[in-house]
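Asker: Give me the fold of what follows.
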Amino acid sequence: MNRSVKKLLTVGLVSTMTAGVIAGCADKEGKEKGAAAPAEAKTLRVTMALSEEEWAVMRSDVLPKFEKANNAKVEAIQVEAKDVVKKLEAMKLAGKAEIDLVAQDVNNTAALVSKGLVEDLSSYKARIPQEAIGKLVEAGEFEGKTYFMPYRPNVEINYYNENKFQQYGLQPPKTWDELLNVAKTLKEKEGIGRLALKIKLSGDVIEIVEFIRQAGGDPLVLNDEGTIKAFTFLQQLWPYLSEDTLKASFSATNGFLAKESVYYAPNWPFGVNVIVKDGGKKEIKAYSGYSGPKGAVKTLGGEVIGIPAGSPNKELAVKFMEYLMSKEVQELLISKLGWPSFRSDVYGVVEDWQKPYFDAAQEGLKVAQPLSNVPYWAEVNKAINGALSEVVMDKKDVKETLNKYAALIQKAKADYEKK
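Answerer: Model (predicted):
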């Protein structure tokens, strides 16, 4: 090839490349000028009260899909149920709406409504799935209006060590008499109490209220015949209980069962994942629990979802509510966390090993009632703990003690009604 031909080819190639670059730049510039900038993602601020394991699933499996579908960023933070009212009150006082959605303990919602801290969601009630079962929907209603939507029902199931029960010829107790017999037998055989209840005599009174209601009593009255019967029984049962009863939180109880320091204890269903799935303790079984003189009653736990008054992202918050209530998310929460669901159409994803535990939870939910959702419940809670402490620890007279604490509840009620 001679020099002149080479020169022509070189010039042609350079010209072609240059033209391509110029055309590319022009095309890019045109696109940049003509294309609209992507919409800025909205931020949805949400509060929940979850364990580390639960947060891991929420952040990796639940939130991302909603964020992508709605061009949103969900800022989810840990706020305990007891602190939600204070936080929303402070926001209201400061005139700031910094939270768009709260997942709140179903037994701690009355104050949020009475103080005007959450939106009336009655116009959105139709968004609640028709498959909703149980009393979680009713628990979100006050004076005919809907303030909360169902999200996560919960009820304690009663765990027991099948190997130890078989060793001593015991069956899971179905009545108070059988419960007392199991507690007595285990203490006689082992020398120490091996049956625990989650009754710390401080904090929540979930199981104490179950005993009261199983005897036909009313925790808001406290000195009625049913409550007297329940406290008399607990005074009789107490000496045979494990000392771990006074330390029995959710996490601690899982440890007691896994390490076999107790052979029987009520706890939340999520304990199945910790004890059986992760811990390999397949001998730990569960059932729905025992009945009292007036039948079976469990305490409804779990969470409902609401929108703080004045939220600037109300419509996005409603979308997030619908997402949390969806079949897809509820199935995920069952399979990943072992949470019971308020939907009747999601239990097909339960694995075979999980089924007996979910059956126990479903049976429990059938007879579950929320705690009395009154604005002065904190005083009621304190009175119940105080009364039982005197009855079982100090061995005080049951009726006299209950009369004293019942008067405190009536005073709390009267003080509230004066406001």
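Asker: Can you pull the domain assignment for the chain?
Answerer: What automatic domain parsing lists as the domains of the chain is 42-154+301-369, 157-299+374-418.
Asker: mind putting those in TSV, mean neighbour count and mean pLDDT included?
Answerer: All C-beta atoms are positioned from the backbone trio N, CA, C, and that covers glycine. Below are the domains of the chain laid out as TSV (neighbours: other C-beta atoms under 10 Å; pLDDT from 0 to 100):
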stretch	mean neighbour count	mean pLDDT
domain 42-154+301-369	18	94
domain 157-299+374-418	19	97
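Asker: which residues in the stretch 101-250 of the chain form strands?
Answerer: Taking DSSP state E, counting those that start in this stretch, the strands of the stretch 101-250 of the chain run over residues 101-105, 141-142, 145-146, 149-154, 157-161.
Asker: I'd like to know which of those strands is closest to Lys135.
Answerer: Closest approach to Lys135 among those (C-beta to C-beta): strand 149-154, 8.2 Å.
Asker: From what I see, Gln318 and Tyr124 are in contact.
Answerer: Residue 318: Val, not Gln. Yes - Val318 is within contact range of Tyr124, at 5.7 Å (criterion: C-beta atoms under 8 Å).
Asker: any chance of the strands of the stretch 101-250 of the chain in CSV, with distance to Trp339 too?
Answerer: Below are the strands of the stretch 101-250 of the chain laid out as CSV (distance: least, C-beta to C-beta, whole Å):
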stretch, distance to Trp339
strand 101-105, 12
strand 141-142, 22
strand 145-146, 22
strand 149-154, 6
strand 157-161, 13
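Asker: Could you work out which of those strands reaches nearest to Asn403?
Answerer: Judged by C-beta to C-beta, the one of the strands of the stretch 101-250 of the chain that comes nearest to Asn403 is strand 101-105, at 30.1 Å.
Asker: what about the helices in the stretch 251-400 of the chain?
Answerer: Using DSSP state H, counting those that start in this stretch, the helices found in the stretch 251-400 of the chain span residues 271-272, 314-325, 327-337, 355-366, 377-392, 398-418.
Asker: Ok, which of the ones you listed comes nearest Leu201?
Answerer: Nearest to Leu201, of all these, is helix 377-392, at 4.5 Å by C-beta to C-beta.
Asker: how about the helices in the stretch 51-200 of the chain?
Answerer: Counting by DSSP H, counting those that start in this stretch, the stretch 51-200 of the chain has helices at residues 52-57, 63-70, 81-94, 110-114, 136-139, 162-167, 176-190.
Asker: For Val74, list each beta-bridge partner.
Answerer: Leu44 (DSSP bridges).
Asker: so how far is Val350 from it?
Answerer: Going from Val74 to Val350 by C-beta to C-beta, to the nearest Å gives 27 Å.
Asker: what's the answer for Leu408, then?
Answerer: Look at Leu408 and Val350: by C-beta to C-beta, they are 44 Å apart.
Asker: do Met48 as well
Answerer: Remark: distance between Met48 and Val350 (C-beta to C-beta) = 23 Å.
Asker: same question, Lys277
Answerer: Taking C-beta to C-beta, one finds Lys277 at 13 Å from Val350.
Asker: how about Asp218, what does it touch?
Answerer: Going by C-beta atoms under 8 Å, 6 or more residues apart in numbering, Asp218 touches 212, 224, 226-227.
Asker: One more pass at 6 Å, please.
Answerer: Asp224 (C-beta atoms under 6 Å, 6 or more residues apart in numbering).
Asker: same question, Gly226
Answerer: Contacts of Gly226 by C-beta under 6 Å, 6+ apart are 215-217.
Asker: And Val350, by the same measure?
Answerer: So Val350 contacts Phe358 (C-beta under 6 Å, 6+ apart).
Asker: For Asn381, which non-adjacent residue is spatially closest?
Answerer: Counting by C-beta to C-beta, 6 or more residues apart in numbering, the nearest residue to Asn381 once its immediate chain neighbours are dropped is Val205, at 5.5 Å.
Asker: my read: that neighbour touches Ile384, true?
Answerer: Yes - here Val205 reaches Ile384: they are 4.6 Å apart, a contact under C-beta atoms under 6 Å.
Asker: quick one: Leu337 from Pro172, how far?
Answerer: 25 Å.
Asker: Check whether Lys164 really touches Tyr263, as I assumed.
Answerer: Yes - with contact defined as C-beta under 6 Å, Lys164 counts as touching Tyr263 (4.4 Å).
Asker: could the helices of the stretch 251-400 of the chain go into a markdown table alongside distance to Ile99?
Answerer: A markdown table is the format used below for these (distance: least, C-beta to C-beta, whole Å):
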| stretch | distance to Ile99 |
| --- | --- |
| helix 271-272 | 30 |
| helix 314-325 | 10 |
| helix 327-337 | 20 |
| helix 355-366 | 29 |
| helix 377-392 | 22 |
| helix 398-418 | 26 |
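Asker: closest one to Gly134 among these?
Answerer: Gly134 lies closest to helix 355-366 among those, at 5.0 Å (C-beta to C-beta).
Asker: residues in contact with that closest one?
Answerer: 134, 155, 157, 269, 272, 286-288, 298, 340, 350.
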